[in-house]
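Visitor: Here is a sequence together with a model predicted from it:
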Amino acid sequence: MIAYLESSGPRQALWHDAMVPVSSTLAAAVRSLDATGLQIALIVDPDGQLIGTLTDGDIRRALLRGVGLDAPVTAASQPEPLVVPPHLARKFVYSLMQANRIRHLPVVDAEHRVVGMHLLDDVAAPAARETTIVVMAGGRGTRLMPHTEHCPKPMVPVNGRPMLEHIVERARGEGFSRFVVAIHHLGHMIESHFGDGSDFGVSISYLRETQPLGTAGALSLLSERPTGPFIVTNGDVLTDVRYAEMLDFHLRQGATATMAVRQHEWVNPFGVVRTRGVELVGFDEKPVTRSHINAGIYVLEPRALDVLEPNDRCDMPLLFSRLISLDLRTIAYPMHEPWLDVGRPTDLEQAQVLRAPVHLPAAS
């Protein structure tokens, strides 16, 4: 949480009460600390500019030095506290607070006026998200045979737990709790494991395909049309991408559909000869070709569903092509986070040795 002036709620209002005029005494600062319970006072000048901070520990150390409570507050305050600008992403705030071992982080504007304060307890807790995440888990996983012979692909274990469980847990760590899982091949095994999701702290419903409909076609089976943007992810994608940040990016861009993409590099194993007719004009030794590939994660607006027909097979690239033909805004979300499409046995072997994702709080 970041408590701005325009915010409301009891904890959000407390940071303003923690502001103590620079002309105050230590005794006044102690009263402020007792009143807010925030364990910090923000020392400000008459214009609201931050002069320093004061904690209970600062006061105790000052008293040990023989400073009296009638001394000016500046006798014990920290004159150059760590601060951050407004709208800094939550994950960076969290990292700063962890790295510096602090529980409070003032927010200042360009004139160094206090406009809010991050509290570690609130920053560490993910903001609740009402957005639905649809997981495509109906494929046969033929490339992953024999692992998928008697097990749906999303239920293949990675580090002792099904891939789909990793996806649900990571999204839940960002505050998402509403899931719809599209199932077909051996779908009863997924339903048996997850049920309604209550054992995993989320809510799960199911789209039951009677025939494979593709990564987009299954969306035509949604019983209730989403009222806002929703996320779609393949059930075999393991990644550290932050769904909340991708959703916020989509909203800021005003897009109808957003596709997560990753840069793929391919090194030609041979020296390439450049020619003009029969003339040799140059050589490129093992050149690198870079392109963007579909990462299997999407954000869609409800109107994107208008290009689908019930029970009509449609993959995501086709859905995006239809939207483009209608001049609707479709954009790419460039990924840099670790990502693995577990499509082959070699991918599964690699997934088993990947480090566990670090659950940082969702971006504000």
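Guide: Nice, thanks for sending it over. Numbers count the residues shown, from 1 in each chain.

Visitor: low pLDDT regions in the protein?
Guide: Along the chain, segments meeting pLDDT under 70 span 1-14, 125, 140-149, 336-337, 339-364.

Visitor: same thing but 50
Guide: 1-13, 355-364 (pLDDT under 50).

Visitor: Start from the N-terminal end of it and give the helices.
Guide: 10-17, 26-36, 56-64, 90-100, 120-123, 163-172, 187-194, 214-217, 243-253, 316-325, 345-353 (DSSP state H).

Visitor: Buried residues of the second one, list them for me.
Guide: In this case it means helix 26-36. 26, 28-30, 32-33, 36 (16 or more other C-beta atoms under 10 Å). All C-beta spots, glycine's among them, are computed from the backbone N, C-alpha and C.

Visitor: just to revisit the earlier point, make a markdown table from the helices of the chain and add distance to Gly48 to it.
Guide: Compiled in a markdown table, the helices of the chain are given as follows (distance: least, C-beta to C-beta, whole Å):
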| stretch | distance to Gly48 |
| --- | --- |
| helix 10-17 | 10 |
| helix 26-36 | 15 |
| helix 56-64 | 21 |
| helix 90-100 | 21 |
| helix 120-123 | 22 |
| helix 163-172 | 39 |
| helix 187-194 | 51 |
| helix 214-217 | 51 |
| helix 243-253 | 29 |
| helix 316-325 | 47 |
| helix 345-353 | 51 |
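
Visitor: now, of the ones you listed, which is deepest in the fold?
Guide: Scoring the helices of the chain by mean neighbour count under mean count of other C-beta atoms under 10 Å gives helix 214-217 as the most buried, with a mean of 24.

Visitor: any residues touching that helix, and which ones?
Guide: 136, 232, 234, 296, 308, 311-316, 318-319 (C-beta atoms under 8 Å, 6 or more residues apart in numbering).

Visitor: tell me the residue furthest from the middle of the protein?
Guide: Val278 (53.5 Å; C-alpha atoms, centre = their mean).

Visitor: and it, what are its phi and psi?
Guide: Val278 adopts backbone torsions of phi -100, psi 0, taken as degrees, to the nearest 10.

Visitor: Tell me how many other residues crowd the residue lying closest to Val202 once chain neighbours are set aside.
Guide: Nearest non-adjacent residue to Val202, counting by C-beta to C-beta, 6 or more residues apart in numbering: Ser177, 4.6 Å away. If you count neighbours by other C-beta atoms under 10 Å, Ser177 ends up with 20.

Visitor: Okay, Ser177 and Ala244: tell me how far apart.
Guide: 13 Å (C-beta to C-beta, to the nearest Å).

Visitor: tell me, what's touching these two both at once?
Guide: Arg129.

Visitor: hmm, back to that, and the furthest pair within the contacts of helix 214-217?
Guide: Gly296 and Asn311 (22.5 Å; C-beta to C-beta).

Visitor: Counting neighbours around each, name which of these two comes out higher.
Guide: Taking neighbours as other C-beta under 10 Å, Gly296 and Asn311 compare with Gly296 leading, 21 against 13.

Visitor: quick revisit: ok, which of the helices of the chain comes nearest Glu130?
Guide: The nearest among the helices of the chain, by C-beta to C-beta, is helix 243-253 at 10.8 Å.

Visitor: and that closest one with helix 163-172, angle?
Guide: Helix 243-253 and helix 163-172 are oriented at 60 degrees to each other (axes from the mean of the first three to the mean of the last three C-alpha atoms, to 10 degrees).

Visitor: list the helices and strands helix 243-253 packs on?
Guide: Judged by 3 or more C-beta pairs under 8 Å, 6 or more residues apart in numbering; DSSP states H and E, the packing partners of helix 243-253 are strand 129-137, strand 230-234, strand 257-267, strand 288-300, strand 330-335.

Visitor: Of those, flag the one that's most buried.
Guide: For the helices and strands packed on helix 243-253, the highest mean count by mean count of other C-beta under 10 Å goes to strand 230-234, at a mean of 24.

Visitor: in terms of contact, does Asp236 touch Pro152 like I think?
Guide: No. Between Asp236 and Pro152 there is no contact under C-beta atoms under 8 Å: 10.0 Å.

Visitor: What separation is there between Leu319 and Val232?
Guide: Going from Leu319 to Val232 by C-beta to C-beta gives 10 Å.

Visitor: Repeat that for Ser205.
Guide: 15 Å.

Visitor: Next up, the contacts around the residue nearest to Val202.
Guide: Taking C-beta under 8 Å, 6+ apart as the criterion, Ser177 is in contact with 128-129, 201-203.

Visitor: Out of those residues, which two sit at the greatest distance?
Guide: Checking the contacts of Ser177 with C-beta to C-beta, the most distant pair is Arg129 and Gly201, at 13.5 Å.

Visitor: Between the contacts of helix 214-217, which sits nearest Val115?
Guide: Val232 (36.5 Å).

Visitor: partners of the closest one in the sheet?
Guide: Val232 forms beta bridges with Val134, Tyr298, as assigned by DSSP bridges.

Visitor: List the contacts of Leu105.
Guide: So Leu105 contacts 82-84, 93, 96-97, 117-118, 120 (C-beta under 8 Å, 6+ apart).

Visitor: Would you format those residues as TSV with distance to Met189 included?
Guide: Rendered in TSV, the data for the contacts of Leu105 read as follows (distance: C-beta to C-beta, whole Å):
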residue	distance to Met189
Leu82	50
Val83	52
Val84	47
Val93	41
Leu96	43
Met97	42
Met117	48
His118	43
Leu120	41
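
Visitor: Among those residues, which one lies nearest to Gly228?
Guide: For the contacts of Leu105, the nearest to Gly228 is Val93 (25.8 Å; C-beta to C-beta).
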